[in-house]
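*Asks:* A predicted structure for the sequence below; I have some questions about it.
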Amino acid sequence: MQITAAVSRSPDSPFTLESVDLDAPRADEVLVRIHATGLCHTDLSSKTRIPGPAVLGHEGAGVVEAVGAGVAGIAQGDHVLLSYRSCGECAQCRSGHRPYCSRSALLNSSGCRADGSATLSQNGTPLFGSFFGQSSFAQYALASADNVVVVDPAVDLAVAAPLGCGFQTGAGAVLNVLTPEQDSRLVVFGAGGVGLAAVMAAKALGVGQIVAVDPVASRRAKAVELGASQTVDPTSEDVAAVVRGATHALDTTALPDVVATALRVLEPRGILVTVGLGARHATIDVVDLLLNGKMIRGCVEGDANPAEFIPELLKLHAQVKFPMEAVIRRYDARDIQTAVAGSRSGAAIKPVLVW
Ligand SMILES: NC(=O)c1ccc[n+]([C@@H]2O[C@H](COP(=O)([O-])OP(=O)(O)OC[C@H]3O[C@@H](n4cnc5c(N)ncnc54)[C@H](O)[C@@H]3O)[C@@H](O)[C@H]2O)c1
Ligand SMILES: [Zn+2]
Ligand SMILES: [Zn+2]
């Protein structure tokens, strides 16, 4: 079918709305009419790596238009959130850690189906698609049973769309990996969509001291609104001195100096979780790590299984303990470039495109 999608022609070009062809759903696939798609920083960093033409977007939310014959438990008309794909069969999936699926790269970032066929094309030429098993910067997306989460039709799809990645990542890093206690001191570096989801989750857990570090004043103010007990401006304050005594730290910046500082400010046996995707290398003080029994862990998608974790976060949201509407900003999908600019300038924390 012919649909409209936001296409990245090349790493440097703006997204352009173009007419493209979407394949019919196969037996194991789900066709979703996209209502809203969150813009995650990973869309922008992937854009710079993928030569294009490509359709990105991996926080899709919409209504099921059709399901393949082999799909159970998902029906036409269901309201759904889309997340990342996993095989469900490898050792990591079976042990409950689906983000580390052995087929993850093939299923989420190969640009096509696992068998090599394209879901998206233009005048017969394949486009890079199937991004996170969706490519949802588009009016319609082909997903799979393993990355579709059915939700109550009362859920506002534009508010909930970022649960598919950014909100799941920040909240999961806190609830599934860092697991701070009420008397812990958690420091979150970077108050973007991921960092603020971490702040909300920590507040929901009742963590007493939540420190948010971000150079953007409006983001620090938002962190306070969502439960941070202290904020730090790295451009004017000595971060290491102000946040000292942390028991738990989360890095969402992927900046080498910030990662090094995050490790340094930890108390003995403190834990740093990194989720930022950016610089590949950082220099850390190995002696400090060793002598103080500190720990560093990476974490993808909050180490969460979307089918279980997203409903939990929606429950917290219904109890007003995860107020994610305070973080999103809606944009007409035609204004995708304005949304990108808002994300880059810091004006929009979590842009959501409405189709
Ligand atoms: N691991 C995963 O599964 C996963 C999932 C989603 C996103 N990500 C990655 O997580 C990161 C955060 O994503 P996001 O959407 O929240 O991005 P974002 O750009 O909205 O947030 C990053 C924040 O860091 C702040 N920052 C910049 N310099 C800083 C400094 N010196 N100290 C403290 N803060 C600083 C920025 O002002 C911004 O608010 C990105 O790298 C993204 O690619 C990873
Ligand atoms: Zn797997
Ligand atoms: Zn993402």
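*Replies:* That came in fine, so what should we check first? Ligands and ions are numbered 1, 2, ... in the order given.

*Asks:* and Arg264, what are its phi and psi?
*Replies:* phi -60, psi -40 (degrees, to the nearest 10).

*Asks:* no no, Val188
*Replies:* Backbone dihedrals for Val188, given as degrees, to the nearest 10, come out at phi -110, psi 120.

*Asks:* OK, contacts around it?
*Replies:* Neighbouring residues of Val188 by CB atoms under 8 Å, 6 or more residues apart in numbering: 195, 198-199, 202, 210-213, 223, 228, 249-250, 252. Yep, even glycine has a C-beta here, placed from its N, CA and C like the rest.

*Asks:* go again with 10 Å.
*Replies:* Contact analysis of Val188 by CB atoms under 10 Å, 6 or more residues apart in numbering lists 170, 173-174, 178, 194-199, 202, 210-214, 223, 228, 231, 243, 246, 248-252, 262.

*Asks:* helix, strand, or coil at Ala5?
*Replies:* Secondary structure, DSSP: H, G, I helix; E, B strand; the rest coil: Ala5 is strand.

*Asks:* that one and Gly57 touch, don't they?
*Replies:* Yes: with contact defined as CB atoms under 10 Å, Ala5 reaches Gly57; the gap is 8.4 Å.

*Asks:* what's the burial count for the one residue in the stretch 1-150 of the chain that gets nearest to ligand 3?
*Replies:* Residue nearest to ligand 3 within the stretch 1-150 of the chain (CB to the ion): Cys40, separated by 3.1 Å. Neighbour count of Cys40, defined by other CB atoms under 10 Å: 27.

*Asks:* and it, what's its pLDDT?
*Replies:* pLDDT, Cys40: 96.

*Asks:* which residues touch it?
*Replies:* Going by CB under 10 Å, 6+ apart, Cys40 touches 46, 56-59, 132, 162, 164-167, 169, 192-194, 277, 343, 350-351.

*Asks:* so which of these also contact ligand 3?
*Replies:* By CB under 5 Å from the ion, the members of the contacts of Cys40 lying near ligand 3 are Cys165.

*Asks:* could you list which of the contacts of Cys40 belong to helices?
*Replies:* 46, 166-167, 169, 193-194, 343 (DSSP state H).

*Asks:* and stretch 222-238, how far out from the chain middle?
*Replies:* Stretch 222-238 sits 22 Å away from the centroid of its parent chain (CA atoms, centre = their mean, to the nearest Å).

*Asks:* what are the buried residues along it?
*Replies:* Buried residues in stretch 222-238, counted by 16 or more other CB atoms under 10 Å: 222-223, 226-232, 234.

*Asks:* ok, for Asp156, nearest residue in space, not its chain neighbours?
*Replies:* Spatial nearest neighbour of Asp156, excluding adjacent residues (CB to CB, 6 or more residues apart in numbering): Glu325 at 7.3 Å.

*Asks:* on that earlier part again, can you tell me how far the residue of the stretch 1-150 of the chain closest to ligand 3 is from ligand 2?
*Replies:* Using CB to the ion, to the nearest Å, Cys40 is found at 22 Å from ligand 2.

*Asks:* residue contacts, the residue nearest to Asp156?
*Replies:* Contacts of Glu325 by CB under 10 Å, 6+ apart are 156, 158-160, 317.

*Asks:* re the thing from before, in strands, which of the contacts of Val188 appear?
*Replies:* Assigned to strands by DSSP state E, the following of the contacts of Val188 qualify: 210-213, 231, 246, 248-251.

*Asks:* filter the residues you listed by proximity to ligand 1?
*Replies:* The residues of these that also fall near ligand 1, by CB under 6 Å from any ligand atom, are Val213.

*Asks:* spell out which parts of the stretch 1-150 of the chain neighbour ligand 3.
*Replies:* Proximity of the stretch 1-150 of the chain to ligand 3, by CB under 5 Å from the ion, involves residues 40, 42.

*Asks:* tell me where the stretch 1-150 of the chain has strands.
*Replies:* Under the criterion DSSP state E, counting those that start in this stretch, the stretch 1-150 of the chain contains strands at 2-8, 15-22, 29-38, 60-67, 79-82, 120-122, 125-126, 140-144, 148-151.

*Asks:* most widely separated two among the contacts of Glu325?
*Replies:* Based on CB to CB, the longest span within those runs between Ala158 and His317 and measures 13.3 Å.

*Asks:* coming back round to it: now, which of the buried residues of stretch 222-238 lie within helices?
*Replies:* Residues of the buried residues of stretch 222-238 located in helices (DSSP H): 222-223.

*Asks:* and stretch 301-321, which residues are buried?
*Replies:* Neighbour counts over stretch 301-321 (16+ other CB under 10 Å) mark 301-307, 309-311, 313-314, 316-317, 321 as buried.
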